[in-house]
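from the sequence below, what's the structure:
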Amino acid sequence: MAGTGKASGGGRPRDLRAGMALLWGEQDQPTRGPKPSLTPRRIAAAAVALADADGLDAASMSKVGAEFGVSAMALYRYVPGKAELVELMVESVLEELPDLTVVGDGWRDRLKEWARRSLDVYRAHPWLLAATAMRRQLVGPNQLGWLDAALAALEPAGLTGPERHQVFLLVIGQVRNLAQQALDFDEDHDREWTALTGELLDRHADRFPALTRALADGAFAPTPAVDPLDFGLERVLDGVEALIARDRA
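Residues are numbered from 1 along each chain as shown. So this is what the prediction gives:
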């Protein structure tokens, strides 16, 4: 029996088995009737363009259909609903798997390269944060390919399977955190917030002495020489090195 999940197009429960077949290109193809004028791949590409321009909500079935001059109902022949569409969109933007061989054989450099490539994708497609939120969405071969690349980079470190997975979660958490910061950043708001907070702390410095000292020492000030991704990864990977050294002692 096919699994079911949250409602898909038309309020119907999701057929997870059919959704997985769609994502992996393993769905049954019609043998009779007119040749389909669209494909899930083309539909996903149009949805990605809409989401890149105006956010994930802009990639509705009706708006995507309008890109092809058809109704939302016409798209249900190819994609059952919004959940399946979003999963296809994720696959679309992760199509180019990271080549980590360009940085040599070291697990640390390869994992850092993976993180940089991953952050590039999140920055190019900010809606990807919401689309890949911590939930059990269906995953396709491209998304699994990225996970496989990260775990493969860690294999030479000699960590156990659970440890490799936990390190992956730390790294992707760092990537997603920076992507979220970039998505939330508003230069005008930041400037006003900084000014108002500075005035507030000038009046109440005695209540927040550690914060006041940190600000006086340059905390929260722009630091162009520091790459936040590199800084965070170095600290995480230093901890992994310490774990490896402890286990080998």
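
helices of this structure, residue ranges please.
Taking DSSP state H to define them, one finds helices in the chain at 16-23, 40-54, 61-67, 72-75, 82-93, 107-124, 128-131, 141-154, 161-184, 187-203, 209-216, 228-248.

and the nearest residue to residue 55 once chain neighbours are set aside, what does it touch?
Leaving aside its sequence neighbours, residue 55 sits nearest to residue 127 (Cβ to Cβ, 6 or more residues apart in numbering; 5.7 Å). Where you see a C-beta, it was placed from the backbone N, CA and C, and this is true even at glycine. Each residue near residue 127 by Cβ atoms under 8 Å, 6 or more residues apart in numbering is listed here: 51, 52, 55, 56, 59.

and those, which of them are buried?
By neighbour count, with 16 or more other Cβ atoms under 10 Å, these hold 51, 52, 56, 59 as buried.

low-confidence ranges, this protein, go.
1-12, 28-35, 134-136, 249 (pLDDT under 70).

tabulate the CA atom coordinates of stretch 95-115 in PDB.
Listed next in PDB are the C-alpha coordinates belonging to stretch 95-115 (Å, rounded to 0.1, in the frame of the first residue of the first chain):
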ATOM      1  CA  GLU A  95      21.400  19.300  -9.900                       C
ATOM      2  CA  GLU A  96      25.100  20.300 -10.100                       C
ATOM      3  CA  LEU A  97      26.800  18.100  -7.500                       C
ATOM      4  CA  PRO A  98      29.900  19.500  -5.800                       C
ATOM      5  CA  ASP A  99      33.300  18.300  -7.100                       C
ATOM      6  CA  LEU A 100      35.400  18.200  -4.000                       C
ATOM      7  CA  THR A 101      38.500  16.700  -5.700                       C
ATOM      8  CA  VAL A 102      39.600  20.200  -6.700                       C
ATOM      9  CA  VAL A 103      40.800  20.700  -3.100                       C
ATOM     10  CA  GLY A 104      42.900  17.600  -2.800                       C
ATOM     11  CA  ASP A 105      42.400  14.600  -0.500                       C
ATOM     12  CA  GLY A 106      42.200  16.100   3.000                       C
ATOM     13  CA  TRP A 107      38.800  15.500   4.600                       C
ATOM     14  CA  ARG A 108      38.900  19.000   6.300                       C
ATOM     15  CA  ASP A 109      39.500  20.900   3.100                       C
ATOM     16  CA  ARG A 110      36.900  18.900   1.200                       C
ATOM     17  CA  LEU A 111      34.300  19.400   3.800                       C
ATOM     18  CA  LYS A 112      35.000  23.200   3.800                       C
ATOM     19  CA  GLU A 113      34.600  23.200   0.100                       C
ATOM     20  CA  TRP A 114      31.300  21.400   0.400                       C
ATOM     21  CA  ALA A 115      30.100  24.000   2.800                       C
END
